[in-house]
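In: no sequence for this one, just the structure:
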């Protein structure tokens with residue numbers, strides 16, 4: 001079964017070039033370690049929220065931009081082995097000592113993905129989100145998101161991924177649970193939608209919002225007020241092998 005490592009970080013806008021350079025240097029190492037895809041996305045439409053938002057999730061400072069990224073693996077075993085190699089590889093240690101952002105505020109975790117896709121074309125825009133879902137509501141959540149995915153794929157999205165929290169550690173400064181004010185009974189879902197372009201994303205959401213399957217009236221199986229989300233432009237997308245499976 002496929003596996004995802006998900007990340008959210010705050011990067012100074014002035015360091016965008018340095019961040020891209022660092023990501024381009026580390027991506028081949030993860031390919032060597034067994035990853036199948038390595039993706040970095042630069043914040044473009046990241047709104048402030050009343051209760052939670054992505055900027056507060058990583059304690060972003062003025063002048064910093066949110067980066068939403070992930071690494072795909074063919075299995076959790078490959079991911080675990082890759083992480084073990086990354087911790088001991090001198091090349092990774094050298095790069096880690098020169099990160100162009102505050103790694104202490106980055107949030108990260110491991111997730112089991114469920115994939116919906118129609119394929120075709122390149123990815124030009126990403127909607128990324130973090131969702132706190134009661135563990136007891138997992139099946140209801142998956143049913144709801146299956147309907148949403150079907151609508152979005154019909155409206156122009158190329159891929160919809162919901163990744164259920166599996167290895168989501170507590171952090172000293174920031175973490176995924178704090179990002180959405182998760183309770184002990186909740187798990188984190190790391191989710192994203194791939195679109196051909198921002199224009200396709202805007203048109204797709206407008207069309208989806210008018211779809212009868214998306215109309216209000218149903219009770220959502222999670223607290224929407226604490227969900228955090230944003231729109232992102234792909235900064236680096238290295239496809240190294242077969243895509244993530246369902």
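Out: Thanks, I have it. Computed from a predicted model, the values in this text were never measured in an experiment.
In: Could you use CA atoms for every contact and neighbour count after this?
Out: OK.
In: hmm, who's touching the helix or strand of the chain with the lowest mean pLDDT?
Out: When each helix and strand of the chain is scored by mean pLDDT, DSSP states H and E, helix 90-96 comes last, with a mean of 86. Residues from elsewhere that reach helix 90-96 (Cα atoms under 8 Å, 6 or more residues apart in numbering): 22, 26, 86-87.
In: Helix or strand next in line after it, which one?
Out: strand 107-117 (DSSP states H and E).
In: Contacts only, for the closest residue to residue 18 other than its chain neighbours.
Out: Spatially, and ignoring its direct neighbours in sequence, residue 18 is nearest to residue 100 (6.3 Å; Cα to Cα, 6 or more residues apart in numbering). By Cα under 8 Å, 6+ apart, residue 100 lies in contact with 11-12, 15, 18-19.
In: quick one: which of those has the most company?
Out: Among these, residue 11 has the most neighbours (other Cα atoms under 10 Å), with 25 neighbours.
In: name the helices or strands packed onto whichever strand or helix holds that residue?
Out: With elements taken from DSSP H and E, the one containing residue 11 is strand 3-12. Strand 3-12 is packed against strand 64-73, strand 107-117, with contacts defined by 3 or more Cα pairs under 8 Å, 6 or more residues apart in numbering; DSSP states H and E.
In: Name the stretch among these that sits most buried.
Out: strand 64-73 (a mean of 24; mean count of other Cα atoms under 10 Å).
In: Would you give the sheet partners of it, along with the direction of each?
Out: strand 3-12 (antiparallel), strand 37-45 (antiparallel) (DSSP bridges).
In: Return the set of buried residues in the last one.
Out: Of the residues in strand 37-45, those buried by neighbour count under the rule 16 or more other Cα atoms under 10 Å are 37-44.
In: what's the helix or strand following it in contact with?
Out: On the C-terminal side of strand 37-45, the nearest following helix or strand under DSSP H and E is helix 54-57. Surrounding helix 54-57, the residues in contact under the criterion Cα under 8 Å, 6+ apart are 10, 46, 48, 66, 174-176, 178-180, 228-230.
In: Out of the residues you listed, the closest to residue 161 would be?
Out: residue 229 (13.9 Å; Cα to Cα).
In: three-state assignment of the closest one?
Out: strand (DSSP: H, G, I helix; E, B strand; the rest coil).
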